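> all I have is the shape, not the residue letters:
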């Protein structure tokens, strides 16, 4: 990782949730300045201090509102439930111009969460692009990683497929993936996000049927990276 | 596998292609009666005899037309290129009533084969269901398995995600997966086939970018089946 990367500020919107908190923890640990955003700045402050405690204070994690976090950040990561997806994006849209938005949202529609049900735009990430407009690069990642693993130190047995509106956006996110200690793969254009978001429903189905709590996927058959995957 | 399963006849439509031939080989080897279907019965006969030679004649593989194969079979497996998907189904539709159709088709649209481009129905398998009607159970599987592996004896490092219109259909196909020597997973309703079909574009993208010829996926984090996956 370059020193420049470590000077970046990452906003994790919905960062009081389990997935967001886990990602915030991993990035703070890797040296990024992290802002936890929430609808309630109070809850965000609590989540931020919890993460700081886990890291013995040796990191920079600040809690604030979603909008304030988005305004201050270089990279904005969205980890809200799908029901809050559109509203959150509408609320921070003006602050995103020229920045990179990383959408972690999975468009699960209860009660049938093990059935793929994509929005009209094709996927949550494509819907996000429609909302924020062409001035914002959008990538999608981390939809399949079980949050239970992120706050721990154990190895996460799940690769991260990264899609995005440009090669540059995907490359930036692959750096963020590496910083979390996971293995990332460039999975192509943002249109491919339907696969990764939908895979979450497939994994929920597998969890139910095969008695697991955190099934995941690994990419196989790529000799160049076989030491990583071993 | 029960003896009943071994008495079943499987038609592989488009079975002169690489993927179809590989699957036909594996099933013939496992003891199923296999019919190779093709638009040209001549080519089908040639492919059938090639497979018989690989198996030293100790199997039952017969080449014929797609329609004849579909009529004679208990289970019909479709392995044609997407461009021939609709026409092939229209041609055999009458013969499918009450049978199980297993769709292996990936709706790749050249030249952008690394970009997910699903048909209006949602996926090739859902399109197949629209064409053949409610009297035919439809499952989808094997879209991510590199054909290069199927005709060899080496272990295939790619799991098979099985979606289908009923639990019964998925269970039948999981038996067929097991017969090929691969690990199969019930991946839920037919609507989830978009994930598995689209994953092929993601894997094509990974092959190109990371210098592989046959990337695949493995499901991780399911303790109950960890010995299989090891």
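The structure has been received and is ready for your questions. Keep in mind the model is a prediction, meaning the values are calculated, not measured. Residues are numbered from 1 along each chain as shown, chains lettered A, B, ... in the order given.
> any idea how far residue A:99 is from residue A:186?
20 Å (C-beta to C-beta, to the nearest Å). Placement of C-beta: from N, CA and C, glycine included.
> nope, residue A:149 is what I meant
Residue A:149 is 28 Å from residue A:99, by C-beta to C-beta.
> contacts only, for the residue most central in space within chain A.
Taking C-alpha atoms, centre = their mean, the centroid of chain A lies closest to residue A:104, which sits 3.9 Å from it. The contact partners of residue A:104, taken as C-beta atoms under 8 Å, 6 or more residues apart in numbering or on different chains, are A:19-20, A:23, A:77-79, A:140-143.
> what about 6 Å?
Counting by C-beta atoms under 6 Å, 6 or more residues apart in numbering or on different chains, residue A:104 touches A:79, A:142.
> next up, phi/psi of it, please.
phi -100, psi 0 (degrees, to the nearest 10).
> in what helix or strand does the closest residue to residue A:117 other than its chain neighbours lie?
Closest residue in space to residue A:117, ignoring its immediate chain neighbours: residue A:109 at 4.8 Å, by C-beta to C-beta, 6 or more residues apart in numbering or on different chains. Element membership for residue A:109, per DSSP states H and E: none, as it lies in no helix or strand.
> can you pull the pLDDT of residue A:109?
With respect to pLDDT, residue A:109 scores 92.
> what does residue A:216 give?
95.
> so it bridges to which residues?
residue B:220 (DSSP bridges).
> contact partners for it?
Residue A:216 neighbours (C-beta under 6 Å, 6+ apart): A:144, A:157-158, B:220-221.
> and of those residues, the nearest to residue B:119?
Checking these against residue B:119 by C-beta to C-beta gives residue A:144 as the nearest, at 24.9 Å.
> okay, now the closest one: neighbour count?
20 (other C-beta atoms under 10 Å in any protein chain shown).
> and the gap between it and residue A:160?
Taken as C-beta to C-beta, the span from residue A:144 to residue A:160 is 7 Å.
> just residue A:99 next, same as before
20 Å.
> which one of these two is surrounded by more residues?
Neighbour count, other C-beta under 10 Å: between residue A:99 and residue A:160, residue A:160 has more, with 25 against 19.
> quick check: bridge partners of the more buried one?
Residue A:160 forms beta bridges with residue A:184, as assigned by DSSP bridges.
> who's in contact with it?
Contacts for residue A:160 (C-beta under 6 Å, 6+ apart) come out as A:141-142, A:177, A:182, A:184.
> can you put those in a markdown table and add neighbour count and secondary structure?
Converted to a markdown table, these look like this (neighbours: other C-beta atoms under 10 Å in any protein chain shown; DSSP: H, G, I helix; E, B strand; the rest coil):
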| residue | neighbour count | secondary structure |
| --- | --- | --- |
| A:141 | 29 | coil |
| A:142 | 29 | coil |
| A:177 | 20 | helix |
| A:182 | 21 | coil |
| A:184 | 22 | strand |
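> from those, which is closest to chain B?
Distance to chain B, by C-beta to the nearest C-beta, is smallest for residue A:184 among these, at 11.1 Å.
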